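S.K.: sequence and predicted structure are below.
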Amino acid sequence: MAVATYLFTLSTSSVRLVPDGRAKFEIACKRCAMRLMVDRIRVAEAAAMTDHLCEHHPELGVSRAAALGDVFEHYRVRPTQR
Ligand SMILES: [Zn+2]
C-alpha cells in the first residue's frame, strides 16, 4: 500500500508547522498535550502523527506501517478557522 510506504519513509522533520493565524487545523493527541498546528493534513503530517504514537505511546501498539485510520483514531482534529 502506497500510504503505508510513505508513512514508513517520511521523517518527522518534514512536517511544516504554520503560524497560529494561518493554521487551519489543530491536531491534538488524545493521550497527552501534543499539538500540531497545520494548514492541511498531508502525508508528512500523518507521518509525524504516526511517529508520535510510536515514540510516546508504544502501549497502543501502533506501528509505523499502520493504516491511516488506526493513527487518526488516537487524535482529535479540529478546524481553527471561524
Ligand atoms: Zn501523545
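M.R.: Noted; the coordinates are in hand.
S.K.: residues of this protein that sit close to the ion?
M.R.: With C-beta under 5 Å from the ion as the criterion, the chain meets the ion at residues 29, 31-32, 34, 56. Using the backbone N, CA and C atoms, a C-beta is placed for each residue, glycine as well.
S.K.: kindly recompute the last result at 8 Å.
M.R.: 29-34, 52-53, 56-57, 74 (C-beta under 8 Å from the ion).
S.K.: show me where this protein has its strands.
M.R.: 25-29, 35-38, 75-79 (DSSP state E).
S.K.: have a look at the protein and report its longest helix.
M.R.: Taking DSSP state H as the criterion, the chain has its longest helix at helix 43-56.
S.K.: show me what that one is packed up against.
M.R.: helix 2-9, strand 25-29, strand 35-38, helix 68-72 (3 or more C-beta pairs under 8 Å, 6 or more residues apart in numbering; DSSP states H and E).
S.K.: got a list of what the residue nearest the centre of the chain touches?
M.R.: Centroid-nearest residue in the chain: M49, 2.5 Å away (criterion: C-alpha atoms, centre = their mean). Applying C-beta atoms under 8 Å, 6 or more residues apart in numbering, we find M49 in contact with 27, 36, 71-72, 74-75.
S.K.: ok, M37 touching A48?
M.R.: No: at 11.9 Å, M37 does not count as touching A48 under the criterion of C-beta atoms under 8 Å.
S.K.: the more surrounded of those two?
M.R.: Per other C-beta atoms under 10 Å, whichever of M37 and A48 has more neighbours is A48, with 23 against 16.
S.K.: just to revisit the earlier point, let me have the contacts of M49 in CSV, extended by neighbour count and distance to A65.
M.R.: Listed next are the contacts of M49 as CSV, based on neighbours: other C-beta atoms under 10 Å; distance: C-beta to C-beta, whole Å:
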residue, neighbour count, distance to A65
I27, 21, 20
L36, 20, 21
V71, 22, 11
F72, 16, 15
H74, 17, 16
Y75, 19, 18
